[in-house]
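Participant: Curious how this folds, go ahead:
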Amino acid sequence: MPEDTATIELCSQANAPSKGAGKARLVTLGDLDKRTAAAKQALEFRDLLISERGGDDIGALRLAIIEDVACVSAIIRDAQVRWLKGEQISLSELATLLNTRRRDAELIGIDPEPRDITPDITTFMANKAAEKASKAA
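Facilitator: Model (predicted):
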């Protein structure tokens, strides 16, 4: 056995958390301190992606993927800026993050569905009548 390998005691037991420690609490994007640049960037991008895809009428799984894309995009941007500043970053980790974002973006749709901005016939006719009236005046 190599010298630097630690031996494991056969009679050792795992340390159980104390009963007074409480329950584990999951955190969400809503728990973020919205004053940080990273949080602002992730939340603004999430809101933009939701808006591009029709607003609040999005399924739960699609919303979760949108949040994933927003968070991963913030991490990617941070790594890219650090590299441009001359700092050392893991290019393999960056490539993994870029591939992850691309796959998730494909699931939500890289390009949002175009919204129908054509007015209904009543609105169209009212606008035409208003244009005629303003030209006649």
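
Participant: can we go C-alpha only for contacts and neighbour counts from here?
Facilitator: Noted.

Participant: and the gap between residue 61 and residue 68?
Facilitator: According to Cα to Cα, to the nearest Å, residue 61 and residue 68 sit 11 Å apart.

Participant: Neighbour count: those two, which is higher?
Facilitator: When residue 61 and residue 68 are compared for neighbours, residue 68 comes out ahead with 18 against 10, by other Cα atoms under 10 Å.

Participant: Quick one, grab the pLDDT at that one.
Facilitator: pLDDT, residue 68: 95.

Participant: Determine the longest helix present in the protein.
Facilitator: Taking DSSP state H as the criterion, the chain has its longest helix at helix 60-84.

Participant: got the angle for the helix or strand just after that one vs helix 60-84?
Facilitator: Note on helix 60-84: by DSSP states H and E, the next helix or strand toward the C-terminus is helix 91-108. If you take axes from the mean of the first three to the mean of the last three Cα atoms, to 10 degrees, helix 91-108 sits at 150 degrees to helix 60-84.

Participant: and helix 91-108, what's its mean pLDDT?
Facilitator: Averaging pLDDT along helix 91-108 yields 95.

Participant: Using neighbour counts, pick out the buried residues of that helix.
Facilitator: Under the neighbour-count criterion of 16 or more other Cα atoms under 10 Å, helix 91-108 has 94, 97, 98, 101, 104, 105, 108 buried.

Participant: surely the third one meets residue 75?
Facilitator: No - under the criterion of Cα atoms under 8 Å, residue 98 lies out of contact with residue 75, with a separation of 9.9 Å.

Participant: Need the residues touching each of the two.
Facilitator: Common neighbours of residue 98 and residue 75 are not found (criterion: Cα atoms under 8 Å, 6 or more residues apart in numbering).

Participant: Point out where this structure drops to low pLDDT.
Facilitator: Within the chain, the ranges that satisfy pLDDT under 70 run 1-21, 113-116.
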